[in-house]
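Peer 1: pasted the sequence and its predicted model underneath.
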Amino acid sequence: MEIRPTTDKDLDVFVDTVHAAFGRFPETPVEGGGLWWSALEMDRCLLALTADGRPVGTAATHAFELTLPGETLVPAPGVTAVGVLPSHRRQGVLSAMMRHQLAGLRADGEFLSVLLASEAPIYGRFGYGPATYTARLTVPRHKAALAVPRARGVVHTSATGSVEVLRRAECGEILEEVYDRYRRAQPGALSRPHRWWALRAGQPPISPAPRHVAVHRDAYGVPDGYASYSVESGTLTVDETITTDDAVFTALARFALGHDLVSQVVFQHVPPDHPLRWQFADLRAGEVSGTMDWLWVRLLDIPRALTARAWSTDGELVLDIDDPFLGEHDRYLLTVRDGKADCVPTDRRPDLSLDIGDLGSVYLGGTAPSTLVRAGHIRAHRPGAATLADALFRAERSPHCLHWF
């Protein structure tokens, strides 16, 4: 079997192969773009070929930036379009592509990669761990009343800004600008390169699918948040709510919940710990469902990755890390002082023993190390080690990603 990079001439073969791997056919192009594969960069794609040159597998990466705790932006190849034809599964094709891809990313100087897992059991084998989570919140209109804030000094959102309803075609630049400000401040968020918006490649509100957009403007008229939504059969569905300001989120939620002629409002991609549920007059008004993993992280250079992010407290841990897929086993001393880390090889006795995928899960602060200790995935070698790890890895703002790729 040969695994080789693709060129622009391979686009049709690549697209046909990845669709066949999932038993689908490519969509017919429509006016306004919107084909998900139009954002592929062919110099970042791989084809797996049989000895006689037949394509049987695909894999690719997008060039994204990932926001780490501390609002640090780092390159993050987004693995996508991974598929193997049904006739060639369980023959080592996927493992060979993943190993080839990871080696290539390391050679390019990358220290992590990310993906969205179509099936959870698949990518843990290759060292990826779930690092952010998302949920759906469904609210019946008759239970949608928001409570008056009890904290003194909280200003009612209607006094600090306004909401304007625009058609998607009218506000493309606004969406791109607001999203870019949001992702730079939100740990776990990925960039949306301009070409994605220009090509309409992705899911709403990037795609050409018809959507209304509620744009929030601050007291000076500057857009500082938006909610993309549609109404069908009495249900208003919010694709995504983009803002880093809780008051703006509340204003956009209030707008959606007050929409006429709908029986329920569904908020997609809400962080599991978002305060919106606590803002209802009826605590049980919002039904949480569809809670699931979203962004998975794979570390390729542990010292570089651990020193890139910010840290919330001081401390010292010895991490014994196993990477079975790449056949590596290393031990590092992580020392954090004044929000910055130093990570060096050591032969000291470990405080925690963990798999590379577990390290990916805790890396952004969205999974507590103690949770994985209790689950039997991480081994704590001394009392207090898990508690210290929780304090060290915790982020000031919970990581969240809602970009689809």
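Peer 2: That came in fine, so what should we check first? Residues are numbered from 1 along each chain as shown.
Peer 1: for stretch 232-250, the distance to its chain's centre please.
Peer 2: 18 Å (Cα atoms, centre = their mean, to the nearest Å).
Peer 1: what residues of it count as buried?
Peer 2: 236-245, 247-250 (16 or more other Cβ atoms under 10 Å). All C-beta spots, glycine's among them, are computed from the backbone N, C-alpha and C.
Peer 1: am I right that residue 252 sits in a helix?
Peer 2: Yes. Counting by DSSP: H, G, I helix; E, B strand; the rest coil, residue 252 is found in a helix.
Peer 1: how far away is the residue nearest to it when sequence neighbours are not counted from residue 273?
Peer 2: Take residue 252 and drop its neighbours on the chain: the residue closest to it by Cβ to Cβ, 6 or more residues apart in numbering is residue 227, 4.3 Å away. For residue 227, the distance to residue 273 (Cβ to Cβ, to the nearest Å) stands at 19 Å.
Peer 1: for the residue nearest to residue 282 when sequence neighbours are not counted, what are its contacts?
Peer 2: Of all residues not flanking residue 282 in the chain, residue 143 sits nearest, at 5.1 Å (Cβ to Cβ, 6+ apart). By Cβ atoms under 8 Å, 6 or more residues apart in numbering, residue 143 lies in contact with 280, 282, 284, 285.
Peer 1: pull the contacting residues for residue 167.
Peer 2: 212, 213.
Peer 1: tell me what it is bridged to.
Peer 2: For residue 167, the beta-bridge partners under DSSP bridges are residue 212.
Peer 1: hmm, back to that, so of the buried residues of stretch 232-250, which ones are in helices?
Peer 2: 247, 248, 249, 250 (DSSP state H).
Peer 1: which of those residues lies closest to residue 78?
Peer 2: Residue 78 has its nearest neighbour among these in residue 249, at 25.5 Å by Cβ to Cβ.
Peer 1: surely that closest one touches residue 224?
Peer 2: No. Counting by Cβ atoms under 8 Å, residue 249 stays clear of residue 224, with 10.5 Å between them.
Peer 1: mind listing the shared neighbours of those two?
Peer 2: residue 243.
Peer 1: assign the residue located most distally from the centre of the chain to helix, strand or coil.
Peer 2: Note on the chain: the largest C-alpha distance from the chain mean falls to residue 52, namely 38.1 Å (Cα atoms, centre = their mean). When classified by three-state DSSP, residue 52 comes out as coil.
Peer 1: going forward, count from 38.
Peer 2: Let's use 38 as the start, then, which means that last one is residue 89.
Peer 1: how near is it to residue 236?
Peer 2: 34 Å.
Peer 1: could you do residue 190 as well?
Peer 2: 45 Å.
Peer 1: looking at these two, which one has more neighbours?
Peer 2: Taking other Cβ atoms under 10 Å, residue 190 and residue 236 do not tie; residue 236 has more neighbours (19 against 5).
Peer 1: the residue nearest to the more buried one when sequence neighbours are not counted - how many residues pack around it?
Peer 2: The spatially closest residue to residue 236, leaving aside those adjacent along the chain, is residue 75, at 4.6 Å (Cβ to Cβ, 6+ apart). When neighbours are defined as other Cβ under 10 Å, residue 75 has 17 of them.
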